[in-house]
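In: With the input below, show me the fold.
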Amino acid sequence: MRPDILNPLFAEVEALKGVGPALMKPLRKLGLERAVDILFHLPVTWIDRKAVPLLDPQDAGKVIVVEVTPADYRATGSARAPFRVQAQDRAGQRISLVYFGRSSGWARKLFPLGEPRTISGKLELYGQEMQMIHPDHVIAPGEPVDLPAREPVYRLSEGLANRRMGQLAEQALSRAPDLAEWIEPGLLARRQWPGWRDALARVHADPADTLARERLAYDEIFANQLALMLVRASSRRRRGLPLVGDGRLRAALKLPYAPTGAQRRTIAEIEGDLAQATPMVRLLQGDVGAGKTLVALMALLAAVEAGTQGALLAPTEILARQHYETLSRQLAGLPVNVAILTGREKGRARESVLMGLADGSIHILIGTHAIFQQGVSYKRLGLAVIDEQHRFGVAQRMMLAAKAEVPPHLLVMTATPIPRTLTLSHYGEMDVSRLDEMPPGRQPIETRVMSDARLDEIVDALGRHMAGGGQAYWVCPLVEESEISDQAAAEARAADLRQRFGDRVGLVHGRMKGPEKDAVMAAFQRGDIGVLVATTVIEVGVDVPNATLIVIEGADRFGLAQLHQLRGRVGRGEGRSICLLLRGRTPGETARARLALMRETNDGFRIAEEDLKLRGAGEILGTRQSGEAEMRLADPEQVSQLIDTATADARLLVDRDGGLEGDRGRAARVALYLFERDAAVGLLRSG
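Out: Model (predicted):
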């Protein structure tokens, strides 16, 4: 249970003065639903204000505070033209106060002629004339001029003003208690960090306070690492089932090629883990096409040889069915019964699978979330494999593990290469294997970046590609046209291409019903369809060796990791493969950098490191969708700089300072609840 001392912070945001239904809407948009969310919503930048007695053109570009007197109004007849208030300072120097939109009435009210006003805003030069567009503060005589020299600037949403956000932060801070120190005293002294509550007060007052920001980032990283360490210790204490197979099924498996050195090494690591009484918890990282499925199959066969069952969990139905078909094909002729269970299996088909699992006649089950829901019970689950781990949360992982009387061995796989710092901060409780070699026959993919202005040329090239017997993917970011977005829509693109290529064009997206989707995918795999128009539903797991061209429309709007995943749909056969990245006419600087890197390298691990610099860790790992805790106070650079120290400090606490039982441990326990890293610990009963 959460310590009582934290309850005021975890109160709903309505408990703060002045927060009603109108203000709740913009706060919810920002994910700010409790006082602690407001407290941890740190300023993103700041405004430095300079109080000046008189106007000076040399202050152009600075935010100034100055007293002026309105002298005249300048308005044109057009509603689109700006409304100007002509004013002057005490020395008679002129400034134009500019208001856009239908705000002339408002401006006249703010600035009655001849009455002085203290104003604050950015001073600009318009030709030789000084001007200020929409002053951010207008103060009448007699009102207090209490503008801070440095004003924090927060991330906002419509209906929430910066000043109001600052007031809410002050209220949230008043609820923050003084907490016992959880950082090791020597480290605290060396870094010269302030206390936890003091650090929060300092950052909200002065966002440029690097020591205070660093302290808060460290707290969050430390709590994260401590939680992972406790989870790991708990899993090491549990007794599992040693699985030692006799090798008969693996020996009978007919492989199309010899495994790579990386695959052999990883299979040996997994076999070693399975033979232990301590349940395996291993993360398998492998770039697109590195052969993770073969490693998973070998692990599943080892579990079956040892008399237990295996389960393979996939994030999408398309990927689950792809795995089912691949494994069924590879295991043909072997005495291994493979079944599939997704939300689509109903009635007798579902009952048959459930009975087979319960009586042990089904050896390997493949499916989506359905495989760990209520009513699904295994006779003897020995190994659970989770594909595309970043799509699932810790809680889902534990639900699957809870299906066994004895905790099963756990292998989680990802084709999204994860930077070292994120491996430490998100998977610190796991052993890590990495497939860093490509199987023979995988061709490097040639990547080109083109403007969507050349769309007609690209469609012509697609026609030539299909005429030569090739197949292609055409990826669009949206399912249907939207008024608020100019991104190409899959349905509209498919309709356009059908006018040219007729029924050789297929369409697949996430809103289609399962059987409909399957029929299109099967037709594409048979070669009946020449070009498959799709949304990112094909991002993982689709394997058609004859597809050697992929066109990604609106590529400047995708993240690097997603572009890399999509590109991995081609290059699976022996033919030369091409990835065309179509960008908009005026991509931003970050988008240009992303596309240039994609053109330059096929190395997923390098791409992952660059992606971390360009985007937040939560986006890379999909934590916003998966329910994993994400960093709110620590940015990727701080994680990179502080993770080793935090990991060492957490280990010191667990190994030397009595875990969570000593004085520092009790303080650290509060930190786990404060940063909401208690869930996994509680789930594993190791808190």
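
In: Can you name the residues that contact the nearest residue to G195 once chain neighbours are set aside?
Out: Leaving aside its sequence neighbours, G195 sits nearest to E181 (CB to CB, 6 or more residues apart in numbering; 6.9 Å). Quick note: C-beta positions are derived from backbone N, CA and C, even for glycine. Going by CB atoms under 8 Å, 6 or more residues apart in numbering, E181 touches L188, G195, W196, R664, A667.

In: 7 Å instead?
Out: Residues near E181 by CB atoms under 7 Å, 6 or more residues apart in numbering: L188, G195, A667.

In: Among these, which one sits closest to E271?
Out: A667 (42.1 Å; CB to CB).

In: and the closest one, what element?
Out: Per DSSP states H and E: A667 is located in helix 663-674.

In: and that helix, what does it pack onto?
Out: helix 210-237, helix 636-655 (3 or more CB pairs under 7 Å, 6 or more residues apart in numbering; DSSP states H and E).

In: Just the buried residues of the shortest one, please?
Out: Applying a neighbour-count criterion of 16 or more other CB atoms under 10 Å, the buried positions in helix 636-655 are 636, 638-643, 645-647, 649-650, 653-654.

In: hmm, back to that, out of the contacts of E181, flag the one nearest to R504.
Out: A667 (66.1 Å).

In: contacting residues for that closest one?
Out: So A667 contacts L179, A180, E181, W182 (CB under 7 Å, 6+ apart).

In: okay if I get those as CSV plus pLDDT and secondary structure?
Out: Shown next, in CSV, are those (pLDDT from 0 to 100; DSSP: H, G, I helix; E, B strand; the rest coil):
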residue, pLDDT, secondary structure
L179, 96, coil
A180, 96, coil
E181, 96, coil
W182, 95, coil
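
In: Neighbour-wise, which one of those leads?
Out: Neighbour tally across the contacts of A667 (other CB atoms under 10 Å): the maximum, 25 neighbours, falls on W182.

In: Report all helices and strands that whatever helix or strand D48 lives in contacts.
Out: Assessed by DSSP H and E, D48 sits inside strand 45-51. Using 3+ CB pairs under 7 Å, 6+ apart, the elements in contact with strand 45-51 are strand 63-74, strand 150-153.

In: and those as JSON lines, adding mean neighbour count, distance to G114 and mean pLDDT?
Out: Below are the helices and strands packed on strand 45-51 laid out as JSON lines (neighbours: other CB atoms under 10 Å; distance: least, CB to CB, whole Å; pLDDT from 0 to 100):
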{"stretch": "strand 63-74", "mean neighbour count": "18", "distance to G114": "7", "mean pLDDT": "95"}
{"stretch": "strand 150-153", "mean neighbour count": "18", "distance to G114": "30", "mean pLDDT": "91"}
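
In: and of the ones you listed, who's closest to R321?
Out: strand 150-153 (48.9 Å).

In: I would like the residues contacting the next helix or strand along the chain from that closest one, please.
Out: As assigned by DSSP H and E, the chain's next helix or strand after strand 150-153 is helix 162-174. Where contact means CB under 7 Å, 6+ apart, the residues beyond helix 162-174 that reach it are L16, K17, A35, I38, L39, P152, V153, Y154, L156, L200, A201, H204.

In: My guess is the fourth one contacts A15. True?
Out: No: taking CB atoms under 7 Å as the contact criterion, I38 and A15 are not neighbours in contact, 10.6 Å apart.

In: So between those two, which is more surrounded?
Out: Between I38 and A15, I38 has the larger neighbour count (other CB under 10 Å), namely 25 against 14.

In: Please enumerate the strands of the stretch 301-450 of the chain.
Out: Along the stretch 301-450 of the chain, the stretches classed as strands by DSSP state E, counting those that start in this stretch are 309-313, 338-341, 364-367, 381-386, 409-414, 431-435, 445-451.

In: out of these, which comes closest to G245?
Out: Of the strands of the stretch 301-450 of the chain, nearest to G245 by CB to CB is strand 381-386, at 10.1 Å.

In: list the contacts for V533?
Out: W474, C476, A490, R493, A494, L497, V505, G506, L507.

In: Lowest pLDDT pick from those residues?
Out: In terms of pLDDT, the lowest of those is A490, showing 84.

In: Give me the number of neighbouring residues for the residue nearest to Q263 when sequence neighbours are not counted.
Out: Among residues not flanking Q263 along the chain, G291 sits closest, at 5.4 Å (CB to CB, 6+ apart). Residues near G291, counting by other CB under 10 Å, number 20.

In: my read: G291 touches P439, true?
Out: Yes: using CB under 7 Å, G291 is in contact with P439, at 4.9 Å.

In: Distance of E214 relative to P636?
Out: 14 Å (CB to CB, to the nearest Å).

In: ditto for L381
Out: Counting by CB to CB, the gap from L381 to P636 is 37 Å.

In: And L156, by the same measure?
Out: Distance from L156 to P636, by CB to CB: 23 Å.

In: returning to what we had before: what's the strand holding D48 in contact with?
Out: 59, 62-65, 120, 147, 149-153, 207-208.

In: Swap in 6 Å and give it another go.
Out: K62, V63, I64, V65, L147, A149, R150, E151, P152, V153, P207 (CB atoms under 6 Å, 6 or more residues apart in numbering).

In: By neighbour count, which bits of it are buried? Give me those.
Out: Neighbour-count burial for strand 45-51 [16+ other CB under 10 Å]: I47, R49.

In: Starting from it, tell me which strands it pairs with and how they run.
Out: If you go by DSSP bridges, strand 45-51 pairs up with strand 63-74 (parallel), strand 150-153 (antiparallel).

In: Dump it to PDB, keeping only the CA atoms.
Out: Output of strand 45-51 as PDB, limited to C-alpha atoms (Å, rounded to 0.1, in the frame of the first residue of the first chain):
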ATOM      1  CA  THR A  45      11.900  26.400 -21.100                       C
ATOM      2  CA  TRP A  46      11.700  29.900 -19.600                       C
ATOM      3  CA  ILE A  47      11.400  33.600 -20.400                       C
ATOM      4  CA  ASP A  48      13.900  36.100 -19.100                       C
ATOM      5  CA  ARG A  49      12.400  39.500 -18.500                       C
ATOM      6  CA  LYS A  50      14.400  42.800 -18.500                       C
ATOM      7  CA  ALA A  51      12.700  45.700 -16.700                       C
END
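
In: All set now, cheers.
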